[in-house]
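Asks: Let me see the structure of the following:
(one chain, ligands or ions: 2)
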Amino acid sequence: MSSRIPEITLNDGLKIPIVGLGTYSLKGSSGAASIQSAIEKGYRLLDSAYNYENEGTVGEAVRRCSIPRSELRITSKLPGRYHEYEKAVSAIQESLYRAQLDYYDLYLIHWPNPSKDQYVEAWQALIDAKKWGLIRSIGVCNFLPEHIERLEKETGVKPSINQIELHPFFNQAEQRKYHEEKNIATQSWSPFTRGLKDLKIDTLQAIADRYNKSIPQVVLRWHYQLGAISIPKSASPTRQLENISIFDFVLNEEEMASISALSHPDGRIANQDPAVYEEF
Ligand SMILES: NC(=O)C1=CN([C@@H]2O[C@H](COP(=O)(O)OP(=O)(O)OC[C@H]3O[C@@H](n4cnc5c(N)ncnc54)[C@H](OP(=O)(O)O)[C@@H]3O)[C@@H](O)[C@H]2O)C=CC1
Ligand SMILES: O=C(O)C(=O)[C@@H](O)[C@H](O)C(=O)CO
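Replies: Ligands and ions are numbered 1, 2, ... in the order given. The predicted structure follows:
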């Protein structure tokens with residue numbers, strides 16, 4: 001791949017960039033133009049979902065851009081209402097039809113929805129879709145260790161990646177440690193807490209000033225140094241470029257610790273604890 005963004009290798013061998021583009025709310029012609037701009041600025045990893053209703057927009061941006069499909073890493077996600085095996089297989093096929101793609105690089109179960117207890121069935125569908133060549137790498141989002149243990153115990157296959165809420169106010173130290181032990185990559189959703197307003201605080205501003213960087217750049221550098229793959233969303237070409245211009249400075253241990261110390265147990269953005277919160 002020719003991208004300037006460093007890559008990591010997942011436990012199944014697929015290489016993906018350590019920063020990608022979140023696409024939640026990027027839809028229609030303005031969304032396609034934003035995603036195309038991000039690709040042209042150097043993004044190679046695009047994070048979509050069936051429930052974002054923008055897989056078609058992502059596919060359009062991919063067709064419009066000048067980068068070969070093989071250099072891109074495109075993600076989509078299975079909604080909770082399609083965990084039943086047959087429904088999951090159809091949903092994966094529908095995701096491909098919507099994007100007009102032959103395969104997804106990554107396909108993730110979007111939420112475990114534990115009260116429905118069908119996520120293992122959904123996982124089996126992802127395993128089979130990978131065998132059929134529809135997906136290159138399979139993972140999950142919002143899975144707690146107990147959910148991942150069940151996948152592995154009942155199918156013998158563990159996820160390559162777990163996409164979780166992760167930002168300075170909710171640093172997920174224990175879940176990240178668990179991922180490290182299992183060789184599962186951590187991916188950070190809402191890496192900026194879904195907007196910068198709450199991040200405009202003295203601790204972050206002081207670090208940003210020291211390196212002549214912005215608060216978003218410091219926050220994304222913190223994700224990078226934690227070893228987490230971040231997927232900041234921006235519609236703006238200027239901010240897209242800002243968000244990948246983070247590989248020319250290094251936070252020291254004290255700065256890393258001071259950002260991590262902003263975390264607190266109630267730090268989730270919208271109280272979406274996957275033990276109880278469910279999405280369909
Ligand atoms: N698996 C899951 O359950 C979930 C997955 N996700 C994924 O994670 C992605 C990212 O999370 P998301 O919730 O979108 O929020 P983010 O934390 O990425 O924040 C996005 C917001 O920050 C603004 N922004 C981006 N860059 C900058 C910058 N440099 N300076 C100032 N403002 C900036 C954007 O505005 P603007 O566009 O105007 O620049 C937008 O308002 C999603 O898009 C989605 O792909 C998100 C939630 C849950
Ligand atoms: O953006 C995602 O991937 C989600 O799961 C969203 O539904 C997100 O959790 C949200 O916006 C909830 O209101």
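Asks: In contact with residue 116: list those residues for me.
Replies: 80, 83, 278 (CB atoms under 8 Å, 6 or more residues apart in numbering). Any C-beta I mention is one placed from the backbone N, CA and C, and that applies to glycine too.
Asks: And it, what's its pLDDT?
Replies: pLDDT recorded at residue 116 is 97.
Asks: Relative to residue 32, how far out is it?
Replies: From residue 116 across to residue 32, the span is 34 Å (CB to CB, to the nearest Å).
Asks: did I read that right, residue 178 in a strand?
Replies: No - read with DSSP: H, G, I helix; E, B strand; the rest coil, residue 178 is helix and lies in no strand.
Asks: how many other residues sit next to it?
Replies: When neighbours are counted by other CB atoms under 10 Å, residue 178 registers 17.
Asks: what pLDDT does it get?
Replies: Residue 178 carries a pLDDT score of 98 in this model.
Asks: Just want the residue of this structure that's nearest ligand 2.
Replies: Nearest residue of the chain to ligand 2, counting by CB to the nearest ligand atom: residue 24, 4.5 Å away.
Asks: that older thread, which of the contacts of residue 116 lies closest to residue 138?
Replies: Nearest to residue 138 out of these is residue 83 (CB to CB; 14.2 Å).
Asks: Angles on the backbone of the closest one, please.
Replies: Residue 83 adopts backbone torsions of phi -70, psi -30, taken as degrees, to the nearest 10.
Asks: how many neighbours does residue 279 have?
Replies: There are 15 residues near residue 279, going by other CB under 10 Å.
Asks: Okay, it and residue 254: tell me how far apart.
Replies: According to CB to CB, residue 279 stands 38 Å off from residue 254.
Asks: Report the separation between residue 144 and residue 176.
Replies: Distance, residue 144 to residue 176, using CB to CB: 13 Å.
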